[in-house]
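Trainee: my questions concern the predicted model and sequence given below.
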Amino acid sequence: METTSLRGRDYLEVDDLTVEELGGLLDLADRLKAMQRARRPHRLLPERSLAMIFERASTRTRVSFEVGMHQLGGSAVPLTASQTQLGRGESLADTGRVLSRYVDAIVFRTGPHERLVELAEATDVPVVNALTERHHPCQALADVQTLRERLGRLAGKRLAWFGDGDNNVCRSLTAAAAMLGMTVVIAAPEGYRPSTDELAAAGGDISVADDPAEAAAGAHALVTDVWTSMGQEEERERRLRDLAPFRVDAALAAAAAPEHVILHCLPAHPGEEIAEEVLYGPHSAVWDEAENRLHAQKALLARLVA
């Protein structure tokens with residue numbers, strides 16, 4: 001099983017991959033998922049080690065990376081700032097230089113994207129973005145893997161995003177979806193949209209809509225995320241008011257294609273950004289989406305480290 005095409009590179013945002021590399025990574029993720037389901041060993045990274053630095057809370061990201069590294073035959077060391085000298089003033093660059101001498105790759109979950117870039121520039125091993133305020137590229141890998149499973153070939157399919165169109169999950173997913181040939185529509189109010197320059201730079205068929213029903217019409221995938229992310233708690237009431245018309249509910253889903261898929265990266269707030277009957281309904285793929293964090297990230301690690 002060929003696993004070395006990305007060896008030694010960082011994965012900080014979706015655009016770090018070419019279309020061909022993204023497709024190959026997803027193909028490998030599918031194979032690894034099938035092997036895991038069949039309980040077939042796939043120790044592609046024996047004796048390799050992964051450091052995981054978490055400056056933001058995590059459930060799916062931490063567990064999927066730690067379990068995935070174990071299934072690949074390696075080991076993972078989860079760290080928080082309070083467990084390292086980062087909590088006592090050591091620079092991020094110095095921490096990265098030291099960890100490079102111990103491990104084969106570093107996963108970093110933080111706030112400002114600039115901190116991720118600073119770490120990557122200081123290390124000699126691959127650095128993987130496990131979430132920043134700007135990008136969540138590992139989530140995007142799992143999302144498009146799930147869409148391929150449910151919808152088949154994605155070129156020409158329509159993806160509609162609802163709510164905050166200027167958040168990290170939207171930015172990464174729409175980039176990946178556009179790379180794979182999907183038409184992307186972001187339904188969001190003023191103040192919650194990507195800039196014109198950002199849309200132009202993204203490439204692909206990505207547009208913004210005022211009317212959520214217009215965005216949902218004929219869509220093959222309806223996607224949303226929480227309206228108040230980490231660090232936005234003081235804005236919660238205003239954001240709930242502004243984004244309420246963009247809730248993904250049964251009426252909105254009824255406008256979508258008959259075979260449509262519902263995605264949400266979780267954790268969800270049923271009754272806010274998504275209705276409970278939609279989140280837990282027959283079109284929901286959120287649990288497959290969560291599982292695929294494991295398989296997509298295993299494929300990524302295998303390609304970066306092996």
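Mentor: Great, that's in hand.

Trainee: burial of Glu235, as a residue count?
Mentor: Close neighbours of Glu235, defined as other C-beta atoms under 10 Å, add up to 13. Yep, even glycine has a C-beta here, placed from its N, CA and C like the rest.

Trainee: ditto for Ile106
Mentor: Per other C-beta under 10 Å, the neighbour tally for Ile106 reads 25.

Trainee: return the residues in contact with Lys157.
Mentor: With contact taken as C-beta atoms under 8 Å, 6 or more residues apart in numbering, Lys157 is in contact with Leu147, Leu151, Gly181, Met182, Thr183, His220, Ala221.

Trainee: which among these end up buried?
Mentor: If you count burial by 16 or more other C-beta atoms under 10 Å, the buried members of the contacts of Lys157 come out as Leu147, Leu151, Met182, Thr183, His220, Ala221.

Trainee: could you pull out the helices in the stretch 101-250 of the chain for me?
Mentor: For the stretch 101-250 of the chain, applying DSSP state H, counting those that start in this stretch gives helices covering 113-122, 137-151, 168-179, 196-202, 212-216, 236-243, 250-253.

Trainee: narrow the contacts of Lys157 to those in strands?
Mentor: Mapping the contacts of Lys157 onto strands (DSSP state E) picks out Thr183, Ala221.

Trainee: can I get the contacts of Lys157 in CSV with distance to Glu118?
Mentor: Output for the contacts of Lys157, formatted as CSV (distance: C-beta to C-beta, whole Å):
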residue, distance to Glu118
Leu147, 33
Leu151, 38
Gly181, 34
Met182, 33
Thr183, 36
His220, 39
Ala221, 34
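
Trainee: nearest to Ala51 among the contacts of Lys157?
Mentor: The shortest gap between Ala51 and any of these belongs to Leu147, at 30.7 Å (C-beta to C-beta).

Trainee: from what I can see the closest one touches Val261, true?
Mentor: Yes: the pair Leu147 and Val261 passes the contact test of C-beta atoms under 8 Å, sitting 6.5 Å apart.
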